[in-house]
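**Q** Mind looking at a prediction? Sequence and model below.
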Amino acid sequence: MKKHSVRTFLISLAALLVFAAAAIAVAAAAAKEAADDALIQLTDFIESGCESGLSPEQIAQTASADGDGYRVTFVATDGTVIADSDSDGGENHISRPEIADALESGEGFAERRSETLGVTMTYYARLTDIPEYGEIVIRVALPGSAATNAALRMTAISAAMLAALAICLYAADKFYDKSVLVDIGELKRQLHTINTGEFKKLSLDKSNSEILPYVNELNEIADTVNSLNRVRSEFFANASHELNTPLTYISGYAELMEKGMLTDGEKIRECGKKIGAQTDRMKGLIADMLKLSRLENLSSDLEKEPVDVRYLLESVADTFRLDAQAKNVSVNVYCNVEEVTSNERLLKEIVINLVQNAVKYNREGGRVDIYARLAGKKLEIKVADTGIGIAPEHRELVFKRFYRVDKARSRSSGGTGLGLAIVKHAAQRLSGSVRLESKEGEGSVFFVEIPV
């Protein structure tokens, strides 16, 4: 009896270790993949900006002004730095591993300590061809201490668990039935598919009741990861579509001018104005996608500091008062909170997007009211408007990326379809939440709750 109990314990422990190691492997692979995807996505957006006519200097200056932790460098094929968001050029970059790889094979990754910034960075470089510059390398870098380091830590833990697993299997082999051990070995073999990124479901003999619960748990993890991959694919498809629209307009107008089909000075100016408007729209779209990307890759250990809530709300209100006055819309702040401890940048991002929408989709002569109060250990922010309102069937969907209630109206007003997605992600990063109440034709109220 005692021998059977020990055997059962060791087999269960071995199965648990397999389960834990697999879960960690999935998380590590996903974390590393997310870090790499963030760099590739940033580079895609920057390359689109270059193709639309923005110069490397303009993009580097914008990245520098953002102050959000990412670095953009443009490097000539001889290694000369053309523009850099975090330095004035510096030494030749031809020997940088990611630059060398990009020049040789088109792209390259590297991770090392930046002598310029004094922190560990993950780099991604891509060889591309942009107007007026020819072939150059776009290099994007993010602090490497988040997803990449997490992946390394999880891989080390996984290795330790697998070592413990080997000990358990050896001990169990001394006690009893080897059919269970064969199943554990088969489970371990199937787990190697995790490294391919396919996350296939595992299958074993259902008659083995001791192993089956762990297999079912692993399959639930696989379903979750596959679901996340589908969301990411959907995001890239939508992003490509949204960027393609203004690029098509710009290309069409530019072709008309290039072929001399516009000769009247007024028509040329009007065409130039339209190109400028589409460029601004694309810049806004890229900026919002960058914000989302940064939010999704922020460290869970956010820096927090004292935030003057009244000043923050008043400064956001002042930012949009000129646009509001053009529609005879009043913007009012009601705040009885002086100071809280939180992340000021994310709080401001939430309020900016909510107030911007409240002004943009308001009626002539309407109003926007911004409220803030403390309720226990939570900061409650409420933004109410007298605008067009949102129908019930759209209320749960407006926080999705690129979702627009009225696509034509949103695009004509310069909307990117990402503002409320940014609000939702920023609130979640602060361990908070956002909800909506609305009546069609009467207006909407957005409620944000943030622990402080």
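**A** The structure has been received and is ready for your questions. Numbers count the residues shown, from 1 in each chain.
**Q** okay, and for the stretch 101-250 of the chain, where does confidence drop off?
**A** 115-119, 144-215, 217-218, 221-222, 224-246, 249 (pLDDT under 70).
**Q** hmm, 50 instead?
**A** Applying pLDDT under 50 to the stretch 101-250 of the chain flags residues 145-147, 150, 153-154, 157, 161, 174-179, 181-182, 207.
**Q** so what are the domain limits for this protein?
**A** 2-31+149-226, 56-143, 230-296, 305-451 (automatic domain parsing).
**Q** Helices of the stretch 301-450 of the chain, start to end?
**A** For the stretch 301-450 of the chain, applying DSSP state H, counting those that start in this stretch gives helices covering 309-326, 344-360, 407-412, 419-429.
**Q** I'd like the ones you listed as CSV, with mean neighbour count, distance to Phe45 and mean pLDDT appended.
**A** In short, each C-beta sits where N, CA and C put it, glycine included. Shown next, in CSV, are these (neighbours: other C-beta atoms under 10 Å; distance: least, C-beta to C-beta, whole Å; pLDDT from 0 to 100):
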stretch, mean neighbour count, distance to Phe45, mean pLDDT
helix 309-326, 16, 24, 92
helix 344-360, 22, 18, 91
helix 407-412, 13, 19, 48
helix 419-429, 22, 15, 87
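**Q** Quick one, which of the ones you listed gets closest to Glu449.
**A** helix 419-429 (8.0 Å; C-beta to C-beta).
**Q** Return the list of helices and strands in contact with that closest one.
**A** Secondary-structure packing of helix 419-429 (3 or more C-beta pairs under 8 Å, 6 or more residues apart in numbering; DSSP states H and E): helix 265-296, helix 344-360, strand 433-439, strand 443-451.
**Q** Least confident of those, on average?
**A** Mean pLDDT is lowest for helix 265-296 among these, at a mean of 72.
**Q** Am I right that Ala317 is in contact with Ser330?
**A** No: in this structure Ala317 lies outside contact range of Ser330 using C-beta atoms under 8 Å: 10.0 Å.
**Q** so where do the strands sit in this protein?
**A** For the chain, the strands defined by DSSP state E occupy 71-76, 81-84, 107-113, 120-130, 134-143, 305-308, 330-335, 339-342, 367-375, 378-385, 433-439, 443-451.
**Q** Dump those into JSON lines; add distance to Gly276 as well.
**A** Below are these laid out as JSON lines (distance: least, C-beta to C-beta, whole Å):
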{"stretch": "strand 71-76", "distance to Gly276": "23"}
{"stretch": "strand 81-84", "distance to Gly276": "22"}
{"stretch": "strand 107-113", "distance to Gly276": "32"}
{"stretch": "strand 120-130", "distance to Gly276": "19"}
{"stretch": "strand 134-143", "distance to Gly276": "24"}
{"stretch": "strand 305-308", "distance to Gly276": "36"}
{"stretch": "strand 330-335", "distance to Gly276": "27"}
{"stretch": "strand 339-342", "distance to Gly276": "38"}
{"stretch": "strand 367-375", "distance to Gly276": "28"}
{"stretch": "strand 378-385", "distance to Gly276": "29"}
{"stretch": "strand 433-439", "distance to Gly276": "34"}
{"stretch": "strand 443-451", "distance to Gly276": "31"}
